[in-house]
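Q: the following comprises the amino acid sequence and a computationally predicted model.
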Amino acid sequence: MKSAQNSETINEQVTMRKQIVAGNWKMHETLEEGLALAGEIRKRLEGRSSEEKEVLLFPPYIHLAGIAKLLDGLTGFHCGAQNCHHKIEGAYTGEISAPMIASTGANHVLIGHSERRKYFGENDALLAEKTDRGLEAKLTPIFCCGETLEERESGRAFEIVDRQISNSLFHLPKEKIKLLHIAYEPVWAIGTGKSASPKDANEMHAFIRQELSKKYGRDCAETISILYGGSVKPGNAGGLFAMPDIDGGLIGGASLKAADFEAIFNAL
Ligand code: PEP
C-alpha cells in the first residue's frame, strides 16, 4: 500500500488504495495463445499478488472463461473484459453485456479506453451508462480518461480530463464511485513509445484525486486507485510508480510479453 504523505492533495494517513498492474491485450492472441500467455504470467506472478497488490488481465472476450478458471482461487489475480455494452440484453448483434462478462467468472471491465472513444464513437454519456452496467453486474470498472496531443498542446488537458470524469462518473453516489478505479492514459502516449514523464503524469493524477476529493471528500478520493497508462515498459515503470499519486499501470504492448509484464509488476 502506498503512503500518501508526500502529496499535498492527500491526507496524512496510510491509504487503503490498491496498487495494480493491469494488462490490456487489445485484439491480440488466439484462444490457444491467450491461455498460454495467461498461464505463463500466472507461473511468474503466482503467490506475489495480494489484496493490496493486484494483477489484472484484460484479454479479448473469448479468453475470459478460460482465464477466469485458470486464476480461480488466487488472491489479487483477476481478469476482466475490455468493454461491455450499455444495455443488459437485447437485439444487439455482436455485443456482450456486463452480466454476460460476470457469468464467465471475470470480475473487472475497462470502460472508455481511448480506442473505444476514437474508433467506436463512445462519448461521455454512453460511458456513464456502461459504468453503471458494470457496477450493477458487480464488475469493478477501470474508467479510462486522457487528452489527445492537440488538447495537451493547446493547454486543455486538465479541462478535458475533468470533463470526462465528471460527465461519466460524478452521477455516482459515494459508495459506488469507491468501487471503481481510474486509468489516466494520455492518448498521445498509447502505443507510441512516448510515455508521459513521472512528474507530468503525477500532476494529472493529483488533479484527478483533487477533483474526486472536491466532489466526494478526501477519504473517498483516497480509496480510489488511479493507474497510469501509455507506453509503460520495464525501463520506465519504476519512475512512474514511485510517484505518490500513481497507483500502478494499465499496460498495453508490454503486457503481451510475460517477462516484461513481470518486470513491470516488480516495479510496483
Ligand atoms: C493501453 O492500451 O491502454 C496502453 C496503455 O497501451 P501501451 O502500453 O501499448 O501504450
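A: Nice, thanks for sending it over.

Q: please enumerate the helices of the stretch 151-268 of the chain.
A: Assigned by DSSP state H, counting those that start in this stretch, the stretch 151-268 of the chain shows helices spanning 157-169, 174-177, 198-216, 218-223, 234-241, 258-266.

Q: turn those into CSV, including distance to the ligand, mean neighbour count and mean pLDDT.
A: In short, each C-beta sits where N, CA and C put it, glycine included. Below are the helices of the stretch 151-268 of the chain laid out as CSV (distance: least, CB to the nearest ligand atom, whole Å; neighbours: other CB atoms under 10 Å; pLDDT from 0 to 100):
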stretch, distance to the ligand, mean neighbour count, mean pLDDT
helix 157-169, 15, 19, 98
helix 174-177, 21, 15, 97
helix 198-216, 12, 19, 98
helix 218-223, 23, 18, 96
helix 234-241, 11, 19, 98
helix 258-266, 10, 20, 98
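
Q: can you lay out those helices as TSV showing distance to Ala38?
A: Shown next, in TSV, are the helices of the stretch 151-268 of the chain (distance: least, CB to CB, whole Å):
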stretch	distance to Ala38
helix 157-169	30
helix 174-177	30
helix 198-216	28
helix 218-223	29
helix 234-241	19
helix 258-266	9
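
Q: from one end of stretch 253-260 to the other, what's the distance?
A: The first and last residues of stretch 253-260 sit 10 Å apart, counting by CA to CA, to the nearest Å.

Q: ditto for stretch 76-96
A: For stretch 76-96, the first-to-last residue distance is 25 Å (CA to CA).

Q: stretch 216-229 too?
A: Chord length of stretch 216-229, first to last residue, is 24 Å (CA to CA).

Q: related to what we said a few turns ago, which one, of the helices of the stretch 151-268 of the chain, ends up nearest to Asp132?
A: Among the helices of the stretch 151-268 of the chain, helix 174-177 comes nearest to Asp132, with 8.6 Å by CB to CB.

Q: could you say what helices and strands the closest one packs with?
A: Here helix 174-177 touches helix 198-216, going by 3 or more CB pairs under 8 Å, 6 or more residues apart in numbering; DSSP states H and E.

Q: so what touches the helix it packs on?
A: Residues outside helix 198-216 that contact it (CB atoms under 8 Å, 6 or more residues apart in numbering) are 7-10, 145, 157-158, 161-162, 165-166, 170, 174, 177, 182, 184, 186, 195-196, 220-222, 224, 226, 228, 239-240, 242-246.

Q: any idea of the angle it forms with helix 234-241?
A: For helix 198-216 against helix 234-241, the angle by axes from the mean of the first three to the mean of the last three CA atoms, to 10 degrees is 40 degrees.

Q: now Gly105: how far from the ligand?
A: Distance, Gly105 to the ligand, using CB to the nearest ligand atom, to the nearest Å: 23 Å.

Q: in a helix, that's where that residue is, yeah?
A: No. Per DSSP: H, G, I helix; E, B strand; the rest coil, Gly105 lies outside any helix segment and is coil.

Q: count of neighbours near it?
A: Residues lying near Gly105 (other CB atoms under 10 Å) number 17.

Q: hmm, it is touching Lys69, no?
A: Yes. Gly105 is within contact range of Lys69, at 6.5 Å (criterion: CB atoms under 8 Å).

Q: now do the SS call for Leu70.
A: Here Leu70 is recorded as helix under three-state DSSP.

Q: quick one: contacts for it?
A: Contacts for Leu70 (CB under 8 Å, 6+ apart) come out as 35, 38-39, 42.

Q: ok, now with 7 Å
A: Neighbour list for Leu70: 38-39, 42 [criterion: CB atoms under 7 Å, 6 or more residues apart in numbering].

Q: can you say which of those are buried?
A: Neighbour counting over those (16 or more other CB atoms under 10 Å) leaves 38, 42 as the buried ones.

Q: now flag whichever of the contacts of Leu70 is closest to Ser255.
A: Checking the contacts of Leu70 against Ser255 by CB to CB gives Ala38 as the nearest, at 10.8 Å.
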